[in-house]
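Participant: quick one: sequence and predicted model below, then my questions.
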Amino acid sequence: MSREAVDRWLRLLEADAELSAYLIGVDRDRLTAHLIRQLAAGGPVLDGWPGLPEAQRRRAADYLAGVLATDRQGVIDGAVAEFRAGLAGRWPLPAPVAALVVAALARLVAGGGDRAGRLALLTVLGRVHRRYRLRPEHGPLIGAALAAVAPRLCPPQVGWERRWRRAWVLIERAAGLGGDGPAFWPAEVVGRDLAAEGIVILTVRPWRRLPFRPGQAVPLCLPQHPDRWRWYCPANAPRPDGTVELHVRAVPAGTVSRTLVHEVRPNDLLHLGPPVDIGLNLPTGSEAAGDPPPDSAVPVGDLLLVAGGTGLAPLRALVEQVAAAPDGRRVTLIVGVRTVDDLYDAITLDKLDQAHPWLTVIPAFSHDPCAAPAEQGNALTLALYHFRPSQHLYVCGPPAMIDIARHRFPAAGIPTNQIHLPKII
């Protein structure tokens, strides 16, 4: 954060009648130095300002977030302009996509983050590689242009050239594995429902129809954080109006998830990347009719779906897929939550349960003895109780839940070819 940005923030505080009083007697030089240090370290920036009530602290933080966004956008705009100038005539990167591409490239070379985040970056950048017909000789040119602007977008890196060469190899590999089509879809937020504490249901409408299938995952990023792509699974089968429903839980260290839950509103813009199979899809109609299924499909059979938290989203999409073309299979959906308050999508689940006689929805409460006569206990334990040999078992939830399921169900004698777990998220 620049000293000029701090000055802009202080001027906003001075213009606020309630906050201006808290600037009286404050050593502004010390406050500025504290802010710059805390932001560089990623720590809480206003904890060093004693006596500021919580309501005023939140408002001051909102002002600060706005200044930071403007400051960062200016940095990004300048870096993108310089990057495009450095490649003029050699790679005509369109202006509307330049900010996302440059930020994603810089983040990939910088490293860090989790495996899923890096895979999301590579999914998008691999499609960029195919979309704009990049060739091997583009690698050194892009790397040189990026090296000139990257220090403004991410911390300085040791061994930049070596890092870039490795990143370019990964991008080329991703391009070879991915399909053709757009690298990302701009999408407008058209609906927001704060469904439970820390969980939001967003309905978005891509400007062009997103060609996804139930059970797939899509990378997502926000204009405020163009270098951070995160995976989310649509909670619906494709709709006539093209809208996509996303279930998001705010996690403590999740910049994107916290922004989606607490800040994003209808009419805001976000970007969706190419849909990817993660091992949770059902066979298509032609496969159900007897054609040999591809490796990613499963034989037709009854389904036992086990959801934990917002892992409900892709499994609810599978229920909608079956509902759109009933084929005689029966579906049992176990929704594992801690308490009744955590059952965030209860109304939709109840409507589905009432509308389809082949569907049985079972909420499972692990920490709520007052939820009787509903099922109580761990969702995976209840899944073992309800499992029948004819069923294919799908599980989606927090990483710890997936890890337990990966070992527990085969140990219980369930064939591994009947167990379907997400492979990315």
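Facilitator: Received, thanks. Being a predicted model, the structure only gives us computed values, none of them experimental.

Participant: for stretch 348-358, the averaged confidence score.
Facilitator: Averaging pLDDT along stretch 348-358 yields 95.

Participant: give me the neighbour count for the closest residue to Thr416 other than its chain neighbours.
Facilitator: Among residues not flanking Thr416 along the chain, Pro410 sits closest, at 5.5 Å (CB to CB, 6 or more residues apart in numbering). C-betas here are computed from N, CA, C, even on glycine. By other CB atoms under 10 Å, 13 other residues sit near Pro410.

Participant: now for Pro410, which secondary structure element holds it?
Facilitator: Taking DSSP states H and E as the criterion, Pro410 maps to helix 399-411.

Participant: what sits up against that helix?
Facilitator: Residues outside helix 399-411 that contact it (CB atoms under 8 Å, 6 or more residues apart in numbering) are 306, 308, 311, 336, 379-380, 383-384, 393, 395-396, 416, 419, 421-422.

Participant: send me it as PDB with only the CA atoms.
Facilitator: Presented in PDB, the C-alpha positions along helix 399-411 are these (Å, rounded to 0.1, in the frame of the first residue of the first chain):
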ATOM      1  CA  PRO A 399     -11.300 -32.300   2.600                       C
ATOM      2  CA  ALA A 400     -11.200 -34.200   5.900                       C
ATOM      3  CA  MET A 401     -14.500 -35.900   5.000                       C
ATOM      4  CA  ILE A 402     -13.200 -36.900   1.600                       C
ATOM      5  CA  ASP A 403     -10.000 -38.400   3.100                       C
ATOM      6  CA  ILE A 404     -12.000 -40.500   5.600                       C
ATOM      7  CA  ALA A 405     -14.400 -41.700   2.900                       C
ATOM      8  CA  ARG A 406     -11.500 -42.700   0.600                       C
ATOM      9  CA  HIS A 407     -10.300 -45.200   3.200                       C
ATOM     10  CA  ARG A 408     -13.400 -46.000   5.200                       C
ATOM     11  CA  PHE A 409     -15.800 -47.200   2.400                       C
ATOM     12  CA  PRO A 410     -13.400 -49.700   0.700                       C
ATOM     13  CA  ALA A 411     -12.500 -51.000   4.200                       C
END
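
Participant: name the helices or strands packed onto the very next helix or strand once past it?
Facilitator: Downstream of helix 399-411, the first helix or strand assigned by DSSP H and E is strand 419-420. Contact analysis of strand 419-420 by 3 or more CB pairs under 8 Å, 6 or more residues apart in numbering; DSSP states H and E lists strand 391-396, helix 399-411 as its packing neighbours.

Participant: so His271 sits in a strand?
Facilitator: Yes: according to DSSP: H, G, I helix; E, B strand; the rest coil, His271 belongs to a strand.

Participant: give me the distance between it and His247.
Facilitator: According to CB to CB, to the nearest Å, His271 stands 18 Å off from His247.

Participant: same check on Glu18?
Facilitator: 36 Å.

Participant: more neighbours, the two?
Facilitator: Remark: of Glu18 and His247, His247 carries more neighbours, 23 against 12, as counted by other CB under 10 Å.

Participant: can you give me every residue that contacts the more buried one?
Facilitator: When contacts are counted by CB under 8 Å, 6+ apart, His247 touches 195, 199-201, 232, 235, 310, 312-313, 344-345.

Participant: switch to 10 Å and redo it
Facilitator: Shown in contact with His247 (CB atoms under 10 Å, 6 or more residues apart in numbering): 193, 195, 199-202, 232-235, 309-314, 316, 344-345.

Participant: write the ChimeraX selection for whichever of these are buried.
Facilitator: Buried residues among these (16 or more other CB atoms under 10 Å), as a ChimeraX selection:
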select :195,199,200,201,202,232,233,234,235,309,310,311,312,313,314,316,344,345
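
Participant: just the helices and strands packed on strand 419-420: most buried one?
Facilitator: Ranked by mean neighbour count under mean count of other CB atoms under 10 Å, these are led by strand 391-396, which reaches a mean of 25.

Participant: ChimeraX command for the buried members of the contacts of helix 399-411?
Facilitator: Per 16+ other CB under 10 Å, the buried members of the contacts of helix 399-411 correspond to this ChimeraX selection:
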select :306,308,311,336,379,380,383,384,393,395,396,419,421,422
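
Participant: widest-spaced pair of the contacts of helix 399-411?
Facilitator: The span of the contacts of helix 399-411, defined through CB to CB, is set by Gly336 and Thr416 at 21.7 Å.

Participant: quick one on the thing from earlier: could I get the helices and strands packed on strand 419-420 in CSV, plus columns for distance to Asp277 and mean pLDDT?
Facilitator: Formatted as CSV, these follow (distance: least, CB to CB, whole Å; pLDDT from 0 to 100):
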stretch, distance to Asp277, mean pLDDT
strand 391-396, 13, 96
helix 399-411, 16, 95
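
Participant: how about the helices in the stretch 251-400 of the chain?
Facilitator: For the stretch 251-400 of the chain, the helices defined by DSSP state H, counting those that start in this stretch occupy 255-262, 285-288, 312-324, 346-355, 379-386, 399-411.

Participant: what about the strands in the chain?
Facilitator: Along the chain, counting by DSSP state E, strands occupy 185-196, 199-206, 218-222, 225-232, 244-249, 269-272, 302-308, 331-337, 359-365, 375-376, 391-396, 419-420.

Participant: among these, which is nearest Leu10?
Facilitator: So among these, strand 225-232 is nearest, using CB to CB, at 24.9 Å.

Participant: quick one on the thing from earlier: lowest average pLDDT across the strands of the chain?
Facilitator: Comparing mean pLDDT across these, the lowest value falls on strand 375-376: a mean of 72.

Participant: ok, and what's touching it?
Facilitator: Under CB under 10 Å, 6+ apart, the answer for strand 375-376 is 334-336, 362-370, 381-382, 385-386.
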